[in-house]
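S.K.: model the structure of this input:
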Amino acid sequence: MNKKRVTKNLNVYKVLLIVLTFIIVSMIPMSEIFAFDPDYPDFIWTYDNRTRKITAGGQKAVYLTGYSLSSEEKRMDIYRLIEETELNSIVFNAKEDSGDILYNSSVDFFNKTGSVKPYYDIDQVLREMDERNIYSIARIVLFKDGIVPDKRPDLAVQNKNTGEPIYLDGGYWIDIYSREVWGYFIELVMELVKKGVDEIQFDYIRAPSKGNLSLARYPSNNRNQEKTTAITGFLKAVRQATRNYHVKMSADVYGFVLITENDQGIGQFIEDMAPYLDFLYPMSYPSHYSTGFLGFSQPEAHPYEVVKYTLDKGFARIGNTDCQIIPWIQAFGLGMRYDESHILGQISASEEFNIEGFLFWNAANKYSIVENALKSRMD
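M.R.: Numbers count the residues shown, from 1 in each chain. Sure thing, here's the model as predicted:
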């Protein structure tokens, strides 16, 4: 072929390529092309420019079970409560410690294990929350699971004598070291992220803490690694998978994890976890502290002091990270009747550390004392 003709053809192709590139680029808003997430120091590129619903750290939420979320009457009452108070967020169960996934998930692994038992239509629920500018927090219970260990014993924490899944800490557990399981959980996370959830909250992000732990065997822990390595490794993998999205990541931890400077044998060491989290939620429920804590015969009767001490210890340990500590607030009475003053005491303790947010936990989703307490702050 003539050299001039070849050169001419190449120039034509170059022109066509330039024109095609220009057409494609012109179809993308410039705000998306040059968007980045300023919340992260490495300026992760993102294609999500949704308006932020809250100031980071300002989430004020109530917790809802899948059953409550499936009830239109209950949802509407919670929406009313949010409209009438300073609340702006909802923590809702996506996956429970029973192993049940409570929305219409399409993740193949969990469908094959029979874990998917939809109580509610997540697309409808998220649409309702978006319409009301409510910040959505999907709670995923990770390693405590009553279904996967039964269907896949090879992925379970096992009895080292029998090789069968071992019952510990009130249930059966998935091997925290299993990268195969990490992959399935990340699929679940990505499904929720792409549906538009604002935050993913991990619960039971730990190993079991009670029972005959000396018999526990973790099949995937071939190199005798510490439990903290597994927990931190999982969080790092999640952060990598979600790096191009605005979604926030958080984890629930025991209140004592903030106080005791070790992992308590469960893999929760906040200095290691914090770099991969936006929020750390200590379950600093006064009812869960032992008699004699801070010299109190009944710590539950001293919510202000208990929460303040716990938060103070936590801030001293992760003050140099970008992770924010926001407490779960006990909205129930265990050994005594709780009222508005106990709610306000916990809020007051957290506000002394300039914490703007708080999460209310009541397993039965009854929030009348929360409503009364928050409305009293408006007077």
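
S.K.: contacts, neighbours, all on C-alpha from now
M.R.: Will do.

S.K.: helix/strand/coil for residue 176?
M.R.: coil (DSSP: H, G, I helix; E, B strand; the rest coil).

S.K.: was I right about it contacting residue 229?
M.R.: No. Using C-alpha atoms under 8 Å, residue 176 makes no contact with residue 229, being 9.7 Å away.

S.K.: ok, those two, which is more surrounded?
M.R.: Between residue 176 and residue 229, counted using other C-alpha atoms under 10 Å, the more crowded position is residue 176 (30 against 16).

S.K.: okay, now the unreliable bits of the stretch 201-350 of the chain?
M.R.: Counting by pLDDT under 70, the stretch 201-350 of the chain contains no low-confidence residues.

S.K.: neighbours around the closest residue to residue 266 other than its chain neighbours, how many?
M.R.: Nearest residue to residue 266 in three dimensions, chain neighbours excluded: residue 207, at 4.5 Å (C-alpha to C-alpha, 6 or more residues apart in numbering). Neighbourhood size, residue 207 [other C-alpha under 10 Å]: 27.

S.K.: go on, residue 378?
M.R.: Counted with other C-alpha under 10 Å, residue 378 comes out at 8.

S.K.: then it would be within a strand, right?
M.R.: No. Using three-state DSSP, the secondary structure at residue 378 is coil, not a strand.

S.K.: and it, its phi and psi?
M.R.: Comment: the main-chain dihedrals of residue 378 come out as phi -90, psi -10, following degrees, to the nearest 10.

S.K.: residue 208 is in contact with residue 167, isn't it?
M.R.: No. Using C-alpha under 8 Å, residue 208 is not in contact with residue 167; the gap is 9.5 Å.

S.K.: who's more crowded, those two?
M.R.: residue 208 (25 against 19).

S.K.: that one and residue 322, how far apart?
M.R.: Between residue 208 and residue 322 the distance is 28 Å, computed by C-alpha to C-alpha, to the nearest Å.

S.K.: likewise for residue 88?
M.R.: Residue 88 is 22 Å from residue 322, by C-alpha to C-alpha.

S.K.: ok, these two, which is more surrounded?
M.R.: For residue 88 versus residue 322, the count of surrounding residues by other C-alpha under 10 Å is larger for residue 88: 23 against 16.

S.K.: and that one, what does it touch?
M.R.: 54, 59-61, 82, 133-135 (C-alpha atoms under 8 Å, 6 or more residues apart in numbering).

S.K.: same question for residue 369.
M.R.: So residue 369 contacts 331, 339-340, 343 (C-alpha under 8 Å, 6+ apart).

S.K.: among the residues you listed, which are in strands?
M.R.: Among those, none falls in strands (DSSP state E).

S.K.: mind checking the SS state of the residue nearest to residue 266?
M.R.: Under three-state DSSP, residue 207 comes out as coil.

S.K.: what sits against it?
M.R.: Contacts of residue 207 by C-alpha under 8 Å, 6+ apart are 143, 173, 176, 227, 265-267.

S.K.: could I get the full set of strands for the stretch 151-300 of the chain?
M.R.: 158-159, 199-203, 216-217, 248-254, 279-283 (DSSP state E, counting those that start in this stretch).
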